[in-house]
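# need coordinates for the following:
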Amino acid sequence: MANPLVGIFRVKELRERIIFTALMLVVFRVGAVLPIPGINVRELSAYFLSQQNSGNPIVDYLDFFAGGAFSNFSVFMLGIMPYISMSIIMQLLLIVFPKLKKISQEDGGRKKIQGYQRIGTVAVCLIQSFAVTQYAQSISRSVDNLLSIGIVAFTIIAMLTVTTGTMFLMWIGEQITKRGIGNGISLLIFAGIVARLPQAVWELVGRVRNGDLNLVFVIVVFIMFVAVVALVVFEQQGQRKIPVNYAKRVVGRRMYGAQNTYIPFKINPSGVIPVIFASSILTFPLQIASTIGGNIPWLNTVSRVLSPRGALYNVLYVLLIIFFAYFYTQVSLNPIEIAKNIRENGGSIPGIRSEKIEEYLTKILNRIVLPGSLYLALIAVIPTFIQWAFNFPSSISYLMGGTSLLILVGVDLDTMSQVEGLLKMHHHEGLTKRGRLKGRNL
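Numbering: from 1, shown residues only. Below you'll find the predicted structure:
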């Protein structure tokens with residue numbers, strides 16, 4: 001039992017969870033290559049092969065985070081992003097409408113909110129799937145026999161198929177969270193990114209052989225990549241500990257002694273959530289504009305202006321990351337509620353008056369969130385910098401930073417922390433000697 005990897009498969013519960021998660025991910029990858037009915041796969045592959053050199057930055061961006069499902073026109077081509085977009089909208093609605101927040105706090109209110117969120121996800125899927133059908137029709141004008149059925153029939157079938165595929169992915173994510181290991185929704189995004197790794201590495205090797213990329217630049221970027229990964233891990237584990245002292249109290253006939261504890265505030269309390277939220281908010285209008293833009297001039301202009309390689313896109317990206325970092329931190333770590341709980345349990349923060357606890361905690365959070373959000377924004381724009389400075393292909397640059405790197409590192413840390421906890425619960429050694437892995441809320 002000295003080897004923790006062997007211990008993983010000797011623990012029955014952990015073994016079953018890992019096998020179940022692996023099977024669900026296999027289903028996800030099969031669906032990512034299963035095309036929508038009515039699409040001529042051979043003609044579609046020939047079209048994207050002909051566009052490989054020129055490339056479409058918007059399609060490359062959407063396809064990368066869908067694990068290649070977008071360019072395959074598969075049943076999972078929208079991925080899980082519609083659900084994430086709707087969850088953002090629902091979080092905002094809970095703040096804007098007090099009645100909706102009151103419903104969420106009632107008995108069974110959480111299930112009602114989840115039901116509303118699922119209905120909203122269907123609406124978002126229908127809008128995005130219609131945009132996808134328009135994109136397919138625009139391709140069919142330049143490719144003969146791309147659509148094997150009529151346009152009207154294809155539109156209806158494609159919208160129903162793609163919407164059903166996204167809802168099925170939601171179910172898979174919930175089942176992984178419940179019966180598997182790790183956060184299901186995050187693991188689906190993780191699997192989509194990892195699935196693109198072999199193709200990206202092969203493309204990089206081919207460009208170096210052909211002389212399109214300088215080997216020295218590749219080595220420099222690889223060193224940057226290793227350094228950024230180390231910084232991400234270090235930043236995700238960083239904490240600011242706020243000491244809290246609890247006075248002696250009498251409960252019944254027993255007297256409980258004073259306790260000294262602390263509140264752990266992470267340097268980046270919201271984790272990778274701001275980056276996912278920001279990218280999904282920008283992806284939603286970007287996908288609609290890019291797929292329907294060929295028929296509507298002003299949407300075509302929006303599609304060009306909001307190109308992932310453009311300046312406006314990256315400025316909006318940074319601003320949204322900072323906004324969602326503050327927004328999600330205030331939702332998940334409400335200083336008013338934390339201060340209320342401290343006072344109700346007879347606690348105090350050394351050197352801080354009781355009525356000033358909210359102000360003190362708010363000040364600490366603001367100091368932590370600002371550098372944390374700027375750090376996230378810096379990592380998020382690394383792919384654009386690599387493409388501009390070293391002329392790297394998008395498939396490689398997206399792996400060197402941004403949303404993909406944060407998700408890869410974050411989901412890996414979260415999954416390892418769950419495995420660590422289950423191993424120790426069954427009296428096995430953890431994955432690390434010091435056991436310093438901490439869970440994250442993705």
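
# on the three-state scheme, the residue positioned nearest the centre of the chain is what?
The structure's the chain has its C-alpha centroid closest to Ile276; by C-alpha atoms, centre = their mean the separation is 4.3 Å. Secondary structure assignment for Ile276 (DSSP: H, G, I helix; E, B strand; the rest coil): helix.

# can you tell me how far it sits from Leu187?
Ile276 is 13 Å from Leu187, where distance means C-beta to C-beta, to the nearest Å. Heads up, the C-betas are built off the backbone N, CA and C, glycines and all.

# go on, Leu25?
Counting by C-beta to C-beta, the gap from Leu25 to Leu187 is 7 Å.

# and what of Ser85?
19 Å.

# neighbour count winner among those two?
Comparing Ser85 with Leu187 by other C-beta atoms under 10 Å, the one with more neighbours is Leu187, at 26 against 20.

# so the more buried one touches Val411, yeah?
Yes. Here Leu187 reaches Val411: they are 6.3 Å apart, a contact under C-beta atoms under 8 Å.

# figure out the helix or strand that Arg240 lives in.
Assigned by DSSP states H and E, Arg240 belongs to strand 239-246.

# list the buried residues for that strand?
Ile242, Val244, Tyr246 (16 or more other C-beta atoms under 10 Å).

# also stretch 69-79?
Residues of stretch 69-79 classed as buried by neighbour count (16+ other C-beta under 10 Å): Ala69, Phe70, Ser71, Asn72, Phe73, Ser74, Val75, Phe76, Met77, Leu78, Gly79.

# do stretch 315-324 as well
Buried, per 16+ other C-beta under 10 Å, within stretch 315-324: Tyr317, Val318, Leu320, Ile321, Ile322, Phe324.

# mind putting those residues into JSON lines with distance to Ala158, secondary structure and pLDDT?
As requested, the buried residues of stretch 315-324 are exported to JSON lines (distance: C-beta to C-beta, whole Å; DSSP: H, G, I helix; E, B strand; the rest coil; pLDDT from 0 to 100):
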{"residue": "Tyr317", "distance to Ala158": "29", "secondary structure": "helix", "pLDDT": "86"}
{"residue": "Val318", "distance to Ala158": "35", "secondary structure": "helix", "pLDDT": "88"}
{"residue": "Leu320", "distance to Ala158": "30", "secondary structure": "helix", "pLDDT": "89"}
{"residue": "Ile321", "distance to Ala158": "33", "secondary structure": "helix", "pLDDT": "87"}
{"residue": "Ile322", "distance to Ala158": "37", "secondary structure": "helix", "pLDDT": "88"}
{"residue": "Phe324", "distance to Ala158": "31", "secondary structure": "helix", "pLDDT": "85"}
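
# adding distance to Arg304, write the residues you listed out as TSV.
Compiled in TSV, the buried residues of stretch 315-324 are given as follows (distance: C-beta to C-beta, whole Å):
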residue	distance to Arg304
Tyr317	17
Val318	20
Leu320	20
Ile321	23
Ile322	25
Phe324	26
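
# now Phe168: closest residue in space, sequence neighbours ignored.
Gly31 (7.6 Å; C-beta to C-beta, 6 or more residues apart in numbering).

# my guess is that neighbour meets Asn72, correct?
No. Counting by C-beta under 8 Å, Gly31 does not reach Asn72; the two are 9.9 Å apart.

# who does the helix or strand hosting Val302 touch, helix- and strand-wise?
Using DSSP H and E, Val302 falls within helix 297-305. Applying 3 or more C-beta pairs under 8 Å, 6 or more residues apart in numbering; DSSP states H and E, we find helix 297-305 packed against helix 273-292.

# the helix it packs on packs against which elements?
Counting by 3+ C-beta pairs under 8 Å, 6+ apart, helix 273-292 packs on helix 57-65, helix 81-96, helix 109-140, helix 297-305, helix 311-332, helix 357-380, helix 402-425.

# again, 6 Å this time
helix 81-96, helix 109-140, helix 297-305, helix 311-332, helix 357-380, helix 402-425 (3 or more C-beta pairs under 6 Å, 6 or more residues apart in numbering; DSSP states H and E).

# tally of neighbours for the nearest residue to Thr177 once chain neighbours are set aside?
With sequence-adjacent residues excluded and distances taken as C-beta to C-beta, 6+ apart, Thr177 is closest to Gly184, at 4.0 Å. Counted with other C-beta under 10 Å, the neighbours of Gly184 add up to 23.

# returning to that earlier point: and the helix holding Val302, how far from the chain's centre?
26 Å (C-alpha atoms, centre = their mean, to the nearest Å).

# okay, the angle between it and helix 273-292?
Per axes from the mean of the first three to the mean of the last three C-alpha atoms, to 10 degrees, the angle that helix 297-305 makes with helix 273-292 is 140 degrees.

# so Ile263, which state does it fall into?
strand.

# was I right about it contacting Arg240?
No. Counting by C-beta atoms under 6 Å, Ile263 does not reach Arg240; the two are 8.9 Å apart.

# quick check: phi and psi on Asn345?
phi -100, psi 10 (degrees, to the nearest 10).

# need the pLDDT of it.
Asn345 carries a pLDDT score of 77 in this model.

# what's the burial count for it?
When neighbours are counted by other C-beta under 10 Å, Asn345 comes out with 12.

# gap between it and Asn334?
Look at Asn345 and Asn334: by C-beta to C-beta, they are 16 Å apart.

# again, but for Lys266
15 Å.

# quote the end-to-end distance of stretch 97-112.
15 Å (C-alpha to C-alpha, to the nearest Å).

# ok so, going back, Ile156 is nearest to which of the helices and strands packed on helix 273-292?
helix 109-140 (8.8 Å; C-beta to C-beta).

# give the other helices and strands that that closest one contacts.
Under the contact rule (3+ C-beta pairs under 6 Å, 6+ apart), helix 109-140 is packed against helix 81-96, helix 98-105, helix 151-179, helix 273-292.

# and the second one, how far out from the chain middle?
This points to helix 98-105. Worked out by C-alpha atoms, centre = their mean, helix 98-105 lies 26 Å from the chain centre.

# can you list contacts of that helix?
Leu93, Leu94, Gly109, Lys112, Ile113 (C-beta atoms under 6 Å, 6 or more residues apart in numbering).

# show me what contacts Val369?
Contacts of Val369 (C-beta under 6 Å, 6+ apart): Ala325, Tyr326, Thr329.

# ok, and the closest non-adjacent residue to the last one?
Translated: Thr329. In space, Thr329 is closest to Pro269, 4.8 Å off (C-beta to C-beta, 6+ apart).

# distance-wise, check the one you found relative to Glu235.
Taking C-beta to C-beta, one finds Pro269 at 12 Å from Glu235.
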